[in-house]
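In: Fold the following and give me the result.
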Amino acid sequence: MTTRLIGFLSALLICSGVFAQEQQHMVRLAKLVIDSAQLENYNVLLKEEIEASVKNEPGVLTLYAVAEKKHPTHITILEIYESEKAYQKHIQTPHFIKYKNGTRDMVKSLELVEASPLIPSMKIK
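Out: Numbering: from 1, shown residues only. Presented below is the predicted three-dimensional model:
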C-alpha cells in the first residue's frame, strides 16, 4: 500500500512538473495587415527575422507565419516562447529590432492575441 501511494505521488509530482513547465510557455498569435505595395519587402524582413530567431534563440520554440490565400496581406504568426522571460529577451535582439524598425511603415494593423494550447503536451514536429 505504501509503495503504491509513493509511486502514485511520484507520478503526480512528475506530471505536475511537466504541466507547470508547459504552462510557462508563452503562446500567442500575431495578426497583421501589411501594406500591399510593401508586401514583398515585408516578407523578406519577416523571413530573415524568423530564421535568425529560431536558429539563434533557444527560448524561441516556434515562429510560424502564414498568409491568407484570398488576402495575402493578412498574415498570422504563431509564436511560442519557452517563457515570458524568453520573449522579453527575444524582443531585445538585434534581428528583432531590425525587423520592427524596418517594417514599422509597412504594418497597417497589428493585433496580438494571447493563446492557450488546447493540447499542451502536443509537440510540433
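In: So what touches the host helix or strand of Phe96?
Out: Using DSSP states H and E, Phe96 sits within helix 94-103. With contacts defined as Cβ atoms under 8 Å, 6 or more residues apart in numbering, helix 94-103 is touched by 42, 45-46, 48-49, 52-53, 56, 90-91. For glycine as for every other residue, the C-beta is placed from the backbone atoms N, C-alpha and C.
In: ok, 6 Å please
Out: Helix 94-103 is contacted from outside by 42, 45, 49, 52, 90, using Cβ atoms under 6 Å, 6 or more residues apart in numbering.
In: buried stuff in that helix?
Out: 95-96, 99, 102-103 (16 or more other Cβ atoms under 10 Å).
In: Just name the closest of the residues you listed to Asp35, please.
Out: Asp35 has its nearest neighbour among these in Thr103, at 9.7 Å by Cβ to Cβ.
In: pLDDT wise, what is the closest one at?
Out: pLDDT recorded at Thr103 is 98.
In: quick one, phi psi at Ala30?
Out: Dihedral angles of Ala30 (phi, psi; degrees, to the nearest 10) stand at phi -100, psi 120.
In: Let me see the contact set for it.
Out: 77, 112.
In: which residue packs closest to Ser36, ignoring adjacent ones?
Out: Thr73 (5.1 Å; Cβ to Cβ, 6 or more residues apart in numbering).
In: okay, now that neighbour: neighbour count?
Out: 17 (other Cβ atoms under 10 Å).
In: between the buried residues of helix 94-103, which is nearest Gln24?
Out: Phe96 (20.7 Å).
In: before we move on, the earlier item: helix 94-103 and the next helix or strand after the helix holding Phe96, what's the angle between them?
Out: Going down the chain from helix 94-103, the next helix or strand is strand 107-115, by DSSP H and E. Angle of strand 107-115 versus helix 94-103, following axes from the mean of the first three to the mean of the last three Cα atoms, to 10 degrees, is 140 degrees.
In: and strand 107-115, what's its mean pLDDT?
Out: Across strand 107-115, pLDDT averages out at 97.
In: Show me what it is packed up against.
Out: Under the contact criterion of 3 or more Cβ pairs under 6 Å, 6 or more residues apart in numbering; DSSP states H and E, strand 107-115 touches strand 26-34.
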